[in-house]
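S.K.: Using only what follows, build the 3D model:
(one chain, ligands or ions: 1)
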Amino acid sequence: MFENEYLNRVYADVERRDANEPEFLQAVREVFDSLELVVDRHPEWEKAGLLERFVEPERVMEFRVPWVDDQGVTRVNRGYRVQYNSAIGPYKGGLRFHPSVNLSIMKFLGFEQTLKNSLTTLPMGGGKGGSDFDPKGKSDAEIMRFCQSFMTELYRHIGQFTDTPAGDIGVGAREIGYLFGQYKRIVNRFDGGVLTGKGLSFGGSLARTQATGYGLCYFSAEALKHLKNDSYAGKTVVVSGSGNVAQYAAEKCSRLGGKVVAMSDSQGYIYDPNGIDLVKLFDIKQKRRARISVYADEVPGSEYHAGCRNIWGVKCDIAHPCASQNEMDAGDAQKLVDNGCMAVFEGANMPLTPGAIDIVKANGLLYSPGKASNAGGVATSGLEMSQNSIRMSWSFDEVDEKLHGIMRSIYKACYDASVECGKPGDLMVGANVAGFLKVAEAMMAQGVV
Ligand code: NDP
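M.R.: Down below sits the predicted model:
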């Protein structure tokens, strides 16, 4: 499978031991494909069991989360925290509340997060957590009780120098507020840096809400300029999802001159040939917490189509998958190619299946993996922690400027590593190799731990 024997042996072991974790295997395999280009140069890695250690999370917690719903019925969900790798800093990574959450998804996200955090240039290790709790249709009081119960177990595993969670799918400002409140109550300390994505009145950072989506567009603009001497100006853009990442990616690429014509949720997608009215979309999603189909009910000239995957049949120049893992398969990617799409920049984590990546790359589209292009969220979480530590708040423009600079550095690190590996412009190889080399160096320096 791999040309390098060491990679083969380690991957075969992962396949055997984690046979029932398809998303984790998928993420490891993609990274190993890229490491093929550097592993021969580092015979010391094998002696130190570096890859064997890298594919094993440092610690995995799985716990019961009991809570009582509004009808007085006791419910039980499963909570997780994967403390994946702390070689370059305290574990850092979001919490996801979604019914699909399981150990495989938590481990793949922790693995990806480790490499992503390494790319940000900030000292953060990788972690991820969450629960199979479904926030949809729950009252505020139910969400609060669930978050309090979740934190009543999680608090003992986290801390500003140990592990600092943030949001992800199903976990936004409301949930972080409830989680922080319960943490503070239990430990009797205002440890602002223990959670990021906090509200502005209690230690949150300006621009954190926008950071992942904005960062995605900063990275993409850099790639378009450097590799194609092009920009968002005049481009038709499709953004899947309509959550935090999708909303602010749509806003920023519109400001950079692109026209976003389609967005989705897990049930279907909207198409608006005039460009999505983002004021309307934000109102539907952020204030009313309604389905995206409401947009087509209220905006003349727009359409709603059932089935979220069909969004990839909409003709566009640039595609930003910003919903969830494996949301675009080979057939979807082929539709983009057939419609003349020039670039796919990932906002979500691992949204393209391996088959989709092959098609996108084989047809010469620009492509960036989420671990590079969506790293602006965690980078700004790092900036939130810095502000908490120095007990100051930076202005929106200051944070946005730092975010922009970080995304430029990430692009440069990915591009430089792609050149170093003899694959100039292959940002997937560049991201995997640049992210891994820093973690590897730190792990080697710290001995067999
Ligand atoms: P949100 O919960 O805010 O939004 C998720 C969006 O994706 C919703 O529109 C949701 O639709 C849709 N969605 C969720 N699951 C699926 C699915 N299985 N199939 C199709 N659509 C789906 O999450 P975020 O915007 O925060 O996260 C989106 C992606 O970005 C995830 O991959 C996340 O890991 C990644 N990410 C997020 C960061 C952040 O800062 N928030 C940082 C870096 C990466 P519906 O409402 O119908 O469920």
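
S.K.: show me the contacts for Phe219.
M.R.: Phe345, Ser368, Ala372, Ser373, Ala375, Gly376, Met407, Ile410, Tyr411 (C-beta atoms under 8 Å, 6 or more residues apart in numbering). Glycine gets a C-beta too; all of them are placed from N, C-alpha and C.

S.K.: Looking at it now. What's its pLDDT?
M.R.: We have a pLDDT of 98 for Phe219.

S.K.: Let me know whether the host helix or strand of it sits next to the ligand.
M.R.: Assigned by DSSP states H and E, Phe219 belongs to helix 208-228. Yes - legend: contact between helix 208-228 and the ligand by C-beta under 6 Å from any ligand atom is shown at Thr212.

S.K.: After that helix, which helix or strand is next?
M.R.: Following helix 208-228 in sequence, per DSSP H and E, is strand 236-240.

S.K.: for that following strand, what is the average pLDDT?
M.R.: 98.

S.K.: Can I get whichever helix or strand comes after it in PDB, CA atoms only?
M.R.: Per DSSP H and E, the first helix or strand lying C-terminal to strand 236-240 is helix 244-255. Taking Å, rounded to 0.1, in the frame of the first residue of the first chain, the C-alpha atoms of helix 244-255 are listed here in PDB:
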ATOM      1  CA  ASN A 244     -20.800  29.000  12.100                       C
ATOM      2  CA  VAL A 245     -18.100  28.200   9.500                       C
ATOM      3  CA  ALA A 246     -20.400  28.500   6.500                       C
ATOM      4  CA  GLN A 247     -22.000  31.700   7.500                       C
ATOM      5  CA  TYR A 248     -18.800  33.700   7.900                       C
ATOM      6  CA  ALA A 249     -17.100  32.100   4.900                       C
ATOM      7  CA  ALA A 250     -20.100  33.300   2.900                       C
ATOM      8  CA  GLU A 251     -19.800  36.700   4.400                       C
ATOM      9  CA  LYS A 252     -16.100  37.100   3.800                       C
ATOM     10  CA  CYS A 253     -16.000  35.700   0.300                       C
ATOM     11  CA  SER A 254     -18.900  38.000  -0.700                       C
ATOM     12  CA  ARG A 255     -16.900  41.000   0.700                       C
END
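
S.K.: now helix 244-255 and helix 208-228, what's the angle there?
M.R.: 50 degrees (axes from the mean of the first three to the mean of the last three C-alpha atoms, to 10 degrees).

S.K.: avg pLDDT for the helix or strand that comes right after helix 244-255?
M.R.: Next helix or strand after helix 244-255 toward the C-terminus (DSSP H and E): strand 259-264. Averaging pLDDT along strand 259-264 yields 98.

S.K.: Stretch 155-171 too?
M.R.: On average, stretch 155-171 scores 97.

S.K.: May I have the distance across it, first residue to last?
M.R.: One end of stretch 155-171 sits 17 Å from the other (C-alpha to C-alpha, to the nearest Å).

S.K.: quick one: contacts for Lys285?
M.R.: Counted by C-beta under 8 Å, 6+ apart, Lys285 has contacts Ser242, Gly243, Gln247, Ile292.

S.K.: my guess is it is in a helix, correct?
M.R.: Yes - residue state for Lys285 (DSSP: H, G, I helix; E, B strand; the rest coil) corresponds to a helix.

S.K.: so how far is Tyr295 from it?
M.R.: To Tyr295, Lys285 is 9 Å away according to C-beta to C-beta, to the nearest Å.
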